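# requesting a structural model of the entry that follows:
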Amino acid sequence: METLGDDEDLSRAWENIKENIKTSAKESLGLHELKQQKPWFDECLGILDKRKQAEMQWIHDPTQSNVRRDAGRHFRNKKKAYLKAEIEELETNSKIKNIRDLYRGISDFMTLRRVTSLELIV
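Residues are numbered from 1 along each chain as shown. Okay, the predicted model is just below:
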């Protein structure tokens, strides 16, 4: 490598090295897709908008409080249904002796969701 006298040239050389490493890693390994944290939440976006509008209306007229409660109830029900489906999938993996998917699912379930014992009972 040539001798670089200025700090600017040195920083530019390090940026080039950094970019070369990033591009070669992207070409050889590919991009890693992140898992969606709350897949059940996609269906709730319309209700979330209604809740925001109701909150803005409540600021002007504080007689409407049912929308917020209903939205929270809907979110909890969707989350419970999603968690129940996840648990059923783990149960079927256990029954068919699919150990790899069972342990992977348990690991994902415990690390990403941090489920309380009350949600597991339902």
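# next structured bit after the helix or strand harbouring Arg69?
Arg69 is part of helix 66-95 when elements are defined by DSSP states H and E. As assigned by DSSP H and E, the chain's next helix or strand after helix 66-95 is helix 99-113.
# buried ones in stretch 60-77?
Buried residues in stretch 60-77, defined by neighbour count with 16 or more other Cβ atoms under 10 Å: 67, 71, 74-75. Where C-beta positions appear, they are placed from N, C-alpha and C, glycine not excepted.
# with just CA atoms, put that stretch into PDB.
Only the C-alpha atoms of stretch 60-77 are listed here, as PDB (Å, rounded to 0.1, in the frame of the first residue of the first chain):
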ATOM      1  CA  HIS A  60     -61.900  17.900  22.200                       C
ATOM      2  CA  ASP A  61     -64.700  16.000  23.800                       C
ATOM      3  CA  PRO A  62     -63.800  13.700  26.700                       C
ATOM      4  CA  THR A  63     -66.900  11.500  26.600                       C
ATOM      5  CA  GLN A  64     -65.600   8.800  24.300                       C
ATOM      6  CA  SER A  65     -63.400   6.300  26.000                       C
ATOM      7  CA  ASN A  66     -64.800   3.000  24.700                       C
ATOM      8  CA  VAL A  67     -62.800   3.000  21.500                       C
ATOM      9  CA  ARG A  68     -59.500   2.800  23.300                       C
ATOM     10  CA  ARG A  69     -60.700   0.000  25.500                       C
ATOM     11  CA  ASP A  70     -62.100  -1.900  22.500                       C
ATOM     12  CA  ALA A  71     -58.800  -1.500  20.600                       C
ATOM     13  CA  GLY A  72     -56.800  -2.800  23.600                       C
ATOM     14  CA  ARG A  73     -59.100  -5.800  23.900                       C
ATOM     15  CA  HIS A  74     -58.800  -6.500  20.200                       C
ATOM     16  CA  PHE A  75     -55.000  -6.300  20.400                       C
ATOM     17  CA  ARG A  76     -54.900  -8.700  23.400                       C
ATOM     18  CA  ASN A  77     -57.300 -11.200  21.600                       C
END
